[in-house]
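[1] no FASTA, just this:
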């Protein structure tokens with residue numbers, strides 16, 4: 001398990017307030033998510049990853065419907081539910097939250113040399129824009145609910161970084177800061 005420092009605590013607090021402002025207002029509700037792990041990923045070949053934000057892995061202690069509702073209230077839109085793509089890719093235009101709805105799967109995060117995590121029903125994974133991902137193996141019933149910040153459309157990047165992709169990432173950082181401020185989170 002990763003070392004959890006004061007800096008990590010502050011980062012997680014800001015992210016939780018961003019993701020679920022209603023939880024920040026109700027401290028007792030924080031127990032509904034259990035922190036499992038975090039990873040910071042460097043560039044891996046053509047996958048840029050995100051040096052500013054970590055991948056976060058939580059486990060739900062409450063029902064999935066409640067969590068999806070909280071995400072919606074916090075400004076996240078549920079866009080699809082299925083198994084993730086099995087090829088290496090990243091999203092340059094938005095962050096993503098994946099709520100594992102059913103089954104078990106082995107998911108590689110951060111590129112071809114990234115971490116391999118075991119995902120199961122009840123897991124919640126925050127992937128910052130630029131984070132490489134692919135599903136390696138899964139049970140037949142494995143599916144995730146994919147949520148993205150309101151107004152952000154996701155793209156699928158499967159090749160080397162180009163100037164247009166870097167420009168998207170720069171613009172995303174500004175949109176993300178505004179979104180954090182609009183949600184009431186302190187960053």
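    Structure received. All of these numbers come straight from a predicted model, not from anything done at the bench.

[2] Could you give me the buried positions within stretch 49-62?
    For stretch 49-62, burial by neighbour count (16 or more other C-beta atoms under 10 Å) applies to 49-50, 53-58, 60. From N, CA and C alone the C-beta is placed, and that goes for glycine too.

[3] for the protein, what spans make up the strands?
    Remark: strands assigned in the chain by DSSP state E are 33-39, 55-60, 76-82, 96-102, 104-109, 115-120, 123-127, 133-138, 143-149.

[4] Please report how far the residue nearest the centre of the chain lies from residue 148.
    In the chain, the centroid-proximal residue (C-alpha atoms, centre = their mean) is residue 126; its distance is 1.7 Å. According to C-beta to C-beta, to the nearest Å, residue 126 stands 11 Å off from residue 148.

[5] joint contacts of these two?
    Common contact partners of residue 126 and residue 148 (C-beta atoms under 8 Å, 6 or more residues apart in numbering): 95-97.

[6] circling back: please name the nearest non-neighbouring residue to the residue nearest to the centre of the chain.
    If the residues on either side of it in the chain are set aside, residue 126 comes closest to residue 56, at 4.1 Å by C-beta to C-beta, 6 or more residues apart in numbering.

[7] tell me the contacts of the nearest residue to residue 44 once chain neighbours are set aside?
    Computed as C-beta to C-beta, 6+ apart, the closest residue to residue 44 that is not its neighbour in sequence is residue 111, at 2.8 Å. Counting by C-beta under 8 Å, 6+ apart, residue 111 touches 41, 43-45, 47, 49, 88, 132.

[8] coming back round to it: wait, the residue nearest to the centre of the chain touches residue 55, no?
    Yes. At 6.7 Å, residue 126 and residue 55 qualify as touching, with contact defined as C-beta atoms under 8 Å.

[9] which residues do the two both contact?
    With C-beta under 8 Å, 6+ apart, residue 126 and residue 55 have no common neighbours.

[10] on that earlier part again, so which of the strands of the chain is nearest residue 162?
    Among the strands of the chain, strand 133-138 comes nearest to residue 162, with 19.4 Å by C-beta to C-beta.

[11] on that earlier part again, as TSV, the buried residues of stretch 49-62 with pLDDT and distance to residue 37 would be great.
    TSV is the format used below for the buried residues of stretch 49-62 (pLDDT from 0 to 100; distance: C-beta to C-beta, whole Å):
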residue	pLDDT	distance to residue 37
49	88	16
50	84	16
53	82	15
54	86	9
55	90	8
56	90	8
57	92	5
58	89	9
60	87	15
